[in-house]
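Q: everything below, folded, please.
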Amino acid sequence: MTTAQKTSKKRPATSQVGPNLKKPHLEKSSSDKKRSRPVTASVQPASTSDSEPDDLEDAEKTGDDAEGDWIDEDDEMDVDNNGDVPTLNSPALKDPNAARESHKAQKILQEQRRAAKPHSTLLIEAKRVWSLARQKTIPTAERRKHVKNLMDVIRGKVKDIVFKHDASRIVQTVVKYGGQKERDEIAAELKGKYKDLVQNKYSKFLVTKLIRLCPSHRTSILLEFQTHVLRLLLHREATSVLADAFELYANAYERTILLRDFYGKEASLFSFTTGSEEDKERAKKGLSGILEGVDNERRRRTLNALKDNLVTILNNPDKGAVTHAVVHRALWEYVSAVSTIQDEIEREKLAREIFESCQEVLAEMVHTRDGSRVVREFLAQGTAKDRKQILKVLKPHIERMCLDDEAQLVLFTALDVTDDTKLLSKSLISEMTTPAQKLYPSPQGRRSLLYLLLPRTRRHFTPAQIASLAETDEMRARTSKKEPQSREGEVRKFASEALITWVQENGAILVREPSGTLVVADVMLFAEGDKTAAIKTLLAAISSPYPSTDSSTPHPIDLPHTSRLYKTLLQGGHFNRTTGAIDTSQTHWDSEAFARSFVAHVGRDVVVSMCTKGAGNGAFVISALCEALVRGGEGCAEEKKRVKEWFGGKVVKEVEAGEAKGKKILVENLALL
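A: Below you'll find the predicted structure:
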């Protein structure tokens, strides 16, 4: 028989010929969750999900294609020159009739190969119906009809065909577009095969979909992984499925099924993952439930087994399992259990051993809740040398950590517990302040910048975040010598210069953005150092004529968040809704000096125009200016006199006759000058 070789390049299938059509907008389902990404991942992929597309285009075909599946009859193919059929590039095929005969021969060869495969007739019919069911633009009712027909074709044969790359996608389409009845039917039919399916590079995606979409079968699927979890976590194909199941879809009880293998064989025999509701509630406690009421010897054996299994994972970072939340949960349970050991020598010995085992891969853990807690515990418990080593490992990833909800808590704890603030300034603080322009647009980035100045303030940090950070306070009291207030002051001092310089260089841009004004306000209020140049930048931003002549670029004072910024700076602090008063920053900010600079740099024309022309959105700002000048007393006498002259009787009447919000309070404060 003539042997055929596929060319490395194929023409598009018939359905793909022509210009690329714009794909219809498809809303993402709320169930399409994504695993948290490690901060060590340098490139953001197009899709962070480990799930495979159900509607695979012909151009994406791999694997079994080499044997003839999916080859279009019009594909260009080279055939061995020693065979009966010449190549398309040979002189003999210059005759069109010869090319046509060659294609006929290839088609016959293709059909023979397909017919020789098991379930060939089933697959041909299934692919025909699948090509109809997978279309994205058909009505829902029509799709249901095709999915029902497709289910009728594969019913009872799913277990036989699911390991093939093309058939696996057919089954995935039924799971994705079918009803719960079809999904449960497929899940039941595949029972007993999930351990093998999860290790196949095609069918593993089907397992993920069934875990997500078939909650009634999720427990039974996960139970099939028991006694194999550690090996599957180190398996190239299976590891992502277990990670998705644990982090995204499993409930508290189902997670214990995946964790039980970490505790060793003895714990597996006596743990409670099946049985009564009382047993399940105990199982949800994880390791603490396993160790509840056991003798010291069995406790020691369980902890040793858990440590050995963790070390196996940690010693194979190239397998990827070290980044998964299930491993971080097991590690956190071990660290927590070790901290409860009464024997101080044994406790310190076990804590030291596990730290040394994972100190080089700590950056792989900080993106999950449990991984973050582990690293924070190491920081709080460690010696000065340990903290230096941790910061060395984390330093290349600090910018990414600043933008991650869990990872940034590690940075905050490092700021809280490290006594060597000079080390912090070089290895951590400078790495956090340098990318300030990239950080401030996101809530996470703003928190990272503001923690340097205002740690744990309720203005920027939630009670849950503050409580999480406070977990290490007790340990910090035993391992750190420096007073927290002293450390916070030194951190603020080291961070202030860079942040003030950043405002000075980018103030004109920052004051126009809501996210920028949030950071600028607290940098100006609480940073330490000379802010004269930064003040000039901020005042220059509003010194342009009011109102703006360009409707597409409004004057900064017409932006609510910007006018609020200048009002806050003139008031000397933020308004506290609880007390109904201004929380002034007397130590690091002089609102009276800012008011004097405001008068000198903004000038009469702009100040008066803010209250009398356009929308008059500057009324509240100028009112705050008057209050600041009054507070300044004799030190602001000249500026008070100038402002009073600017707002003579005629101008005041114009303000009263205008539509500006806050005109009443402005007139009252002008009268106090």
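Q: please enumerate the helices of the stretch 351-500 of the chain.
A: All helices of the stretch 351-500 of the chain, identified by DSSP state H, counting those that start in this stretch, fall at 369-381, 384-394, 398-402, 407-417, 421-424, 430-433, 436-439, 443-451, 463-470, 473-479, 484-510.
Q: elements contacting the first one?
A: Packing contacts for helix 369-381, counted by 3 or more CB pairs under 8 Å, 6 or more residues apart in numbering; DSSP states H and E, involve helix 325-339, helix 344-358, helix 384-394, helix 407-417, helix 473-479. Glycine gets a C-beta too; all of them are placed from N, C-alpha and C.
Q: which parts of the last one are buried?
A: The one in question is helix 473-479. Of the residues in helix 473-479, 475-476, 479 count as buried by neighbour count, 16 or more other CB atoms under 10 Å.
Q: ok, of those residues, which one's closest to N669?
A: R476 (47.0 Å; CB to CB).
Q: so who does that closest one touch?
A: Residues in contact with R476 (CB atoms under 8 Å, 6 or more residues apart in numbering) are 380, 416-417, 484.
Q: which residues touch T584?
A: T584 is in contact with 571-573, 591, counting by CB under 8 Å, 6+ apart.
Q: apply 7 Å and report the result again.
A: Going by CB atoms under 7 Å, 6 or more residues apart in numbering, T584 touches 572-573.
Q: before we move on, what about S216?
A: Contact partners of S216, counting by CB under 7 Å, 6+ apart, are D184.
Q: part of a helix, is it?
A: Yes: counting by DSSP: H, G, I helix; E, B strand; the rest coil, S216 is part of a helix.
Q: show me the contacts for the spatially closest residue to F526 that is not a sequence neighbour.
A: In space, F526 comes closest to L453 once its chain neighbours are excluded; the distance is 4.6 Å by CB to CB, 6 or more residues apart in numbering. Taking CB under 7 Å, 6+ apart, we find L453 in contact with 492, 495, 522-523, 526-527.
Q: among those residues, which one sits closest to R218?
A: Nearest to R218 out of the contacts of L453 is D522 (CB to CB; 46.0 Å).
Q: my read: the closest one touches L454, true?
A: Yes: in this structure, D522 is within contact of L454 by CB atoms under 7 Å, at 6.2 Å.
Q: higher neighbour count, the two?
A: Using other CB atoms under 10 Å as the criterion, D522 and L454 rank with D522 on top: 23 against 18.
Q: gap between the strand or helix carrying that one and the chain center?
A: According to DSSP states H and E, D522 maps onto helix 514-526. Relative to the chain's own centre, helix 514-526 is displaced by 25 Å; criterion: CA atoms, centre = their mean, to the nearest Å.
Q: turn the contacts of L453 into TSV, including pLDDT.
A: Converted to TSV, these look like this (pLDDT from 0 to 100):
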residue	pLDDT
R492	96
A495	97
D522	96
V523	97
F526	96
A527	96
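Q: would you reformat the residues you listed as a markdown table and include distance to D295?
A: A markdown table is the format used below for the contacts of L453 (distance: CB to CB, whole Å):
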| residue | distance to D295 |
| --- | --- |
| R492 | 51 |
| A495 | 51 |
| D522 | 55 |
| V523 | 57 |
| F526 | 55 |
| A527 | 57 |
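Q: quick one: mean pLDDT over stretch 383-400.
A: In this model, stretch 383-400 has a mean pLDDT of 96.
Q: swap in stretch 255-266?
A: 92.
Q: do stretch 585-602 as well
A: The model assigns stretch 585-602 a mean pLDDT of 91.
Q: what's that stretch in contact with?
A: Identification of contacts with stretch 585-602 by CB under 7 Å, 6+ apart yields 524-528, 535-536, 539-540, 542-543, 569-573, 625, 628-629, 631-632, 635-636, 639, 642-643.
Q: before we move on, the earlier item: mean neighbour count, the helices and strands packed on helix 369-381: which tops it?
A: Neighbour counts (mean count of other CB atoms under 10 Å) averaged over each of the helices and strands packed on helix 369-381 peak at helix 407-417, with a mean of 24.
Q: that one versus helix 484-510: what angle between them?
A: Counting by axes from the mean of the first three to the mean of the last three CA atoms, to 10 degrees, helix 407-417 lies at 130 degrees to helix 484-510.
Q: need the contact partners of helix 407-417.
A: When contacts are defined by CB under 7 Å, 6+ apart, helix 407-417 is touched by residues 39, 366-367, 372, 375-376, 379-380, 391, 398, 401-402, 424, 428, 432, 444, 447-448, 451, 455, 468-469, 472, 476, 480, 491.
Q: could you give the angle of that helix to helix 463-470?
A: Using the same axes, to 10 degrees: helix 407-417 against helix 463-470 is 50 degrees.
Q: how does this structure divide up, domain by domain?
A: 115-225, 530-672 (the TED database).
Q: looking at those, which is nearest to H103?
A: Nearest of the domains of the chain (CB to CB): domain 115-225, 18.7 Å.
Q: turn the helices and strands packed on helix 369-381 into CSV, including distance to K127.
A: Shown next, in CSV, are these (distance: least, CB to CB, whole Å):
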stretch, distance to K127
helix 325-339, 37
helix 344-358, 48
helix 384-394, 50
helix 407-417, 45
helix 473-479, 61
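Q: and of the ones you listed, who's closest to Q504?
A: Closest approach to Q504 among the helices and strands packed on helix 369-381 (CB to CB): helix 407-417, 24.1 Å.
Q: what average pLDDT does the closest one get?
A: For helix 407-417, mean pLDDT is 97.
Q: and it, how far from the chain's centre?
A: Remark: helix 407-417 is offset 18 Å from the chain centroid, using CA atoms, centre = their mean.
Q: now H574: phi and psi?
A: Dihedral angles of H574 (phi, psi; degrees, to the nearest 10) stand at phi -90, psi 150.
Q: surely it touches A581?
A: No: contact between H574 and A581 fails when scored by CB under 7 Å: they sit 10.3 Å apart.
Q: neighbour-wise, which of those two wins?
A: The neighbour count for H574 versus A581, taken as other CB under 10 Å, is higher for H574 (16 against 10).
Q: got a list of what that one touches?
A: H574 neighbours (CB under 7 Å, 6+ apart): 459, 568, 583.
Q: could you measure from the nearest residue to the first one once chain neighbours are set aside over to E513?
A: Read that as R459. Of all residues not flanking R459 in the chain, H574 sits nearest, at 6.9 Å (CB to CB, 6+ apart). From H574 over to E513 the distance is 19 Å, taken as CB to CB, to the nearest Å.
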